[in-house]
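> Give the three-dimensional model of this entry:
(3 chains)
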Amino acid sequence: MASGEIGGAGLAVLSAAAVAARTGGVLRGNADAQVSRVAPLDRAGPDALSFLAHARYAAWFPESRAGVVLVAPAFADLAGPATRIIVDKPVEAMVAMLGAFHRPPSRPEGIHPSAVVAPSVRVGVGVTVEPHAVIGEAVVVGDGCWIGAGAVVEAGCVLGTHVRLHPNVVVYPGVELGDRVVLHAGARVGREGFGFLPTPQGPRRIPHLGRCVLEADVEVGANSCVDRGSVDDTVIGAGTKLDNLVHVAHNVRIGRLCFLAAQVGIAGSTRIEDGVQLGGQAGVSGHVTIGARASVAAQAGVIGDVPPGEIWSGYPARPHREQLRAQGALARLARVIRPLERLVSGGDPPTASEGAP
Amino acid sequence: MASGEIGGAGLAVLSAAAVAARTGGVLRGNADAQVSRVAPLDRAGPDALSFLAHARYAAWFPESRAGVVLVAPAFADLAGPATRIIVDKPVEAMVAMLGAFHRPPSRPEGIHPSAVVAPSVRVGVGVTVEPHAVIGEAVVVGDGCWIGAGAVVEAGCVLGTHVRLHPNVVVYPGVELGDRVVLHAGARVGREGFGFLPTPQGPRRIPHLGRCVLEADVEVGANSCVDRGSVDDTVIGAGTKLDNLVHVAHNVRIGRLCFLAAQVGIAGSTRIEDGVQLGGQAGVSGHVTIGARASVAAQAGVIGDVPPGEIWSGYPARPHREQLRAQGALARLARVIRPLERLVSGGDPPTASEGAP
Amino acid sequence: MASGEIGGAGLAVLSAAAVAARTGGVLRGNADAQVSRVAPLDRAGPDALSFLAHARYAAWFPESRAGVVLVAPAFADLAGPATRIIVDKPVEAMVAMLGAFHRPPSRPEGIHPSAVVAPSVRVGVGVTVEPHAVIGEAVVVGDGCWIGAGAVVEAGCVLGTHVRLHPNVVVYPGVELGDRVVLHAGARVGREGFGFLPTPQGPRRIPHLGRCVLEADVEVGANSCVDRGSVDDTVIGAGTKLDNLVHVAHNVRIGRLCFLAAQVGIAGSTRIEDGVQLGGQAGVSGHVTIGARASVAAQAGVIGDVPPGEIWSGYPARPHREQLRAQGALARLARVIRPLERLVSGGDPPTASEGAP
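Numbering: from 1, shown residues only, chains lettered A, B, ... in the order given. Presented below is the predicted three-dimensional model:
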């Protein structure tokens, strides 16, 4: 069953002609062919719209049962489904069509009787609280919020309007979530950070009095963690998106419209300025600054400041171009290291065969 | 208390003679010694079966209180517990014995009254639903499924037979889980992936209409995340196993019988063919293919296709043999870089001491 | 709202004179100025104590509205808030003051009626069990324990005194938690590890009979995972602290007073001795030993034993000093690799310009 069939409401049905009109493409085949869902070529049936953009997937085309296919001009004449729409950019055209077929999951209304909501909670209008959710004392829940099953919002949190907490999210006490913030399943926001004071009796927790503020339109992926500040606040700027399993430590400030891919880790008190992109599994040390619109490649390890607008990669991270040059040199080094060693040790001159690739 | 004592059922008790018979080993000492559990040498009591396979742990042997010990031939005469069984491969022998002492955790029957199960759910026979679990509209739960405490299965999901969801798992709407799939605590399956369209008003979510399909016998570790597809589906092939904290992005297809170690991350639309092994913390870029039976070492960063059957490592990942050669050359380079620089800059010839290791 | 304002109890209020006395600093300005909370310079109001320790934040000082500021001697005369206390180490002074303003979150008493506690559970005095928590058969809950909302403690677990389980934690059957252990939201402790036996019918799970023991004062971060042992036990020593999203595999033994930063991964059967520090995203292979008081840098990949007390980094990890030397040599190599290649291939001698930086 495709997710587009969930919920029971009537399906959107579009003709091939309608899809061609919406995407600005050239229709071939049956203009009346009807599609009500989307699917990849190898899984599509006659009721599905599909697409062919890259040669990588062309092998699936001849056998595809898709009812209508958006195809790039290069594949316009390839044998395959008869009803096709030729468009310059099939991926973009397909993305544009997704909204037509997408039906949001059904949303139960009101507060489920199994939810535990403290008497002092202020709840706005149009709010959904699913089964077994728990909302602590003095929490403010803005209009249109949707709190998923088993989610826990601890005392004193303030949620703006239309905040979406997916199931089993935990929001620690006193966290502030701006309008339209989305926390995916299992996200943990506002934990006291990893700060301990060494004492003769062993490490003692440093109290964390700082806030944890997620501004409007922030989205946090599944099982990601954002710690609260100790003295300073942890702040994530408006429109910034975090993927799954991301770690943001105490006192970190992230600017607006940043993208942090899955499994990124940011150590304490670091500043990430507006528009920064961090690739998957990248790590950033504590107390550094990544300048606005900089990009850090996947798996990079940043141990110092990154200037605005630059692309850095590797460990330790440095400008990507330097990194590439170093990696290239390293790959070539292996072929010449032995004669080079002999050279500097005053031994025999290298022979031609040793120097050859 | 050992986990083997939990559940209240009668303990398995085996004599040393019985263990020797089962493992094909040579018994010395008291054939009637009885053991009812397993334990490492330093924690075993007289009721425990233990083992000694490697010199690393031989220091624990003389003082061990274990009732019976499986020992490798090399340690057959080492001073220590009197009752011992000499076997060629003590680890394998011990693993073979584990089943004899393992007692599965007790399983409550039926649907706990605190669980919230939508009226339209179809529930098979022999199903357990633990306290506070939540099952949404139109979900299909196959025979013998076991849904843990606080787990959330959202609308339209289809679970095969004997699916095991551990506590606090979240399955997003419309996910399909094959027979005997196991999701460990906190696993998140079917989240809409990390896809946004840049617009003048900021990034806008791309609707995710693709499915999320886990075929039979897939196991997903604790707190791991598998996103649903956007247009394409996310599919994990039969028998594939994911460890803890793994991330699988949208539209990824993983073949059959793969092993993904802990903290692995797979970016969007990547293909992992059958029988692939990915080491811990390895990362794979989007839109690449890892060929059948290839192995990727721990922490490797794969940024291009990996041919079938090869072993790759490092960042950027390349064939492991090349990687080793490059690392070896790099280690040696540090000792000669200065005289080499002088050489190419036309300076003085290197002295013998500079070139020495 | 600052987290320090949550809970409804009376706020701590201190005068500037009192803060100066507690920190041993020199007061300038209004000795009677009163502060009741802490905040960073750019977010502080007249009721807040703030601090200025580094030039990095000096730009915020002139415009800060903070009521009282702890400042380093270098900034004693900088224009800004009038009431200031000059101290040698403002960060340390601030940390020392945090306790004065910290108010622990309010704690509901007793067992919430929505919690599901098996009849055979033994509960100590002064225990809190929050809504929707689930406690399985034969669990022992020590005095003063605090079980958060939606947490699941499976059958046979033993919790010492004053254990704190934050919301949505899952503790698998038979786990032992020492006194004052803290598990943050979403931590998963005691899962059967990632062990499979290849068989002709596909991989078969190895039963995990080993225990999972967290000694006194261990703290586990949000969404971290600690697997139980197969034959051996998984043990984390007293006072050891794990940050968020850490993975500890089966049979691992970690000593006392170690620190594992966020996203660290430890593969199976590895030994971490007392006082070890592992930087963020570091990974450690299976079956190795990291000696007492060793440090492993962030993102390092340890594939062999690390001697006690040493600092290792990089992948593959080696002594940090060697690593730095290798990295430095690599950075310089790129500038000379081409003429060096020509040299060993017997080509033309390098020209001066090629050898120049």
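> wait, isn't residue A:53 in contact with residue A:91?
Yes: taking C-beta atoms under 8 Å as the contact criterion, residue A:53 and residue A:91 are neighbours in contact, 5.0 Å apart. Every C-beta, even on glycine, is put in place using the N, C-alpha and C of the backbone.
> Who has more neighbours out of these two?
Neighbour totals were compared for residue A:53 and residue A:91, and residue A:53 leads with 19 against 15 (other C-beta atoms under 10 Å in any protein chain shown).
> Report the contact partners of that one.
Neighbouring residues of residue A:53 by C-beta atoms under 8 Å, 6 or more residues apart in numbering or on different chains: A:72, A:89-91.
> mind running it again at 6 Å?
Under the criterion of C-beta atoms under 6 Å, 6 or more residues apart in numbering or on different chains, the neighbours of residue A:53 are A:72, A:90-91.
> which one among these gets closest to chain C?
residue A:91 (32.2 Å; C-beta to the nearest C-beta).
> in what helix or strand does the closest one lie?
Under the criterion DSSP states H and E, the helix or strand holding residue A:91 is helix A:90-101.
> what's that helix in contact with?
For helix A:90-101, the external contacting residues (C-beta under 6 Å, 6+ apart) are A:4, A:12, A:23, A:37-38, A:51, A:53, A:70, A:72, A:87, B:206-207, B:209, B:231.
> now that we have the residues you listed, which one has the most neighbours?
Most neighbours among these, by other C-beta under 10 Å: residue A:51, with 30 neighbours.
> How about the residues of the stretch 201-350 of chain A by chain C?
When proximity is defined as C-beta under 6 Å from any C-beta of the partner chain, the stretch 201-350 of chain A approaches chain C at A:202, A:206-207, A:209, A:211, A:223, A:225, A:231-232, A:247, A:265, A:267, A:283, A:301, A:315, A:325-326, A:329, A:332, A:336, A:339, A:350.
> Return the member of the contacts of helix A:90-101 nearest to residue B:118.
If you rank these by distance to residue B:118 using C-beta to C-beta, residue A:4 comes first, at 19.7 Å.
> what bits of the stretch 101-250 of chain A have low per-residue confidence?
Counting by pLDDT under 70, not a single residue of the stretch 101-250 of chain A qualifies.
> Around chain B, pick out the residues from it.
Counting by C-beta under 6 Å from any C-beta, the residues of the stretch 101-250 of chain A near chain B are A:101-102, A:105, A:114, A:131-132, A:149-150, A:167-168, A:184-186, A:222-223, A:239, A:243-245.
> is chain B contacted by stretch A:324-331?
Yes: judged by C-beta under 6 Å from any C-beta, stretch A:324-331 and chain B are in contact via residue A:330.
> Give me the distance from that stretch to the chain's centre.
For stretch A:324-331, the gap between its own C-alpha mean and the chain's C-alpha mean amounts to 31 Å (C-alpha atoms, centre = their mean, to the nearest Å).
> Just the residues contacting it, thanks.
Applying C-beta under 6 Å, 6+ apart, the set of residues contacting stretch A:324-331 from outside is B:326, B:330, C:330, C:333-334, C:337.
> Can you point out the buried residues in it?
With burial defined by 16 or more other C-beta atoms under 10 Å in any protein chain shown, the residues of stretch A:324-331 counted as buried are A:325-327, A:329-331.
> repeat for stretch A:318-325
For stretch A:318-325, burial by neighbour count (16+ other C-beta under 10 Å) applies to A:318, A:320, A:323, A:325.
> Please produce CSV containing those residues, extended by pLDDT.
As requested, the buried residues of stretch A:318-325 are exported to CSV (pLDDT from 0 to 100):
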residue, pLDDT
A:318, 95
A:320, 96
A:323, 91
A:325, 91
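> among those, which are in helices?
Secondary structure defined by DSSP state H assigns A:320, A:323, A:325 of these to helices.
> Among the residues you listed, which one lies nearest to residue C:174?
Nearest to residue C:174 out of those is residue A:323 (C-beta to C-beta; 48.0 Å).
> number of nearby residues for the closest residue to the closest one other than its chain neighbours?
Distances taken as C-beta to C-beta, 6 or more residues apart in numbering or on different chains place residue A:314 nearest to residue A:323, at 4.2 Å, with adjacent residues excluded. As a burial measure, the neighbour count of residue A:314 was computed by other C-beta under 10 Å and equals 23.
> so residue A:314 makes contact with residue A:321?
No: the criterion here is C-beta atoms under 6 Å, and residue A:314 misses it with residue A:321 at 11.2 Å.
> residues of stretch A:78-87 that come out buried?
Of the residues in stretch A:78-87, those buried by neighbour count under the rule 16+ other C-beta under 10 Å are A:80-81, A:83-87.
> just stretch A:287-297 next, same as before
Under 16+ other C-beta under 10 Å, the buried positions of stretch A:287-297 are A:288-297.
> do the same with stretch A:182-198
For stretch A:182-198, the buried set under the neighbour-count rule, 16+ other C-beta under 10 Å, comprises A:182-195.
> ditto for stretch A:39-55
If you call a residue buried by 16+ other C-beta under 10 Å, then stretch A:39-55 has these buried ones: A:39-44, A:47-53.
> Let me know the closest of the buried residues of stretch A:318-325 to chain B.
Taking the buried residues of stretch A:318-325 together and measuring to chain B by C-beta to the nearest C-beta, the closest member is residue A:323, at 9.7 Å.
> Quick check, central residue of chain A?
With distances taken as C-alpha atoms, centre = their mean, chain A has residue A:243 as the residue nearest its mean C-alpha position (3.0 Å).
> residues contacting that residue?
So, once contact is read as C-beta under 6 Å, 6+ apart, residue A:243 ends up touching A:221, A:261-262, B:194.
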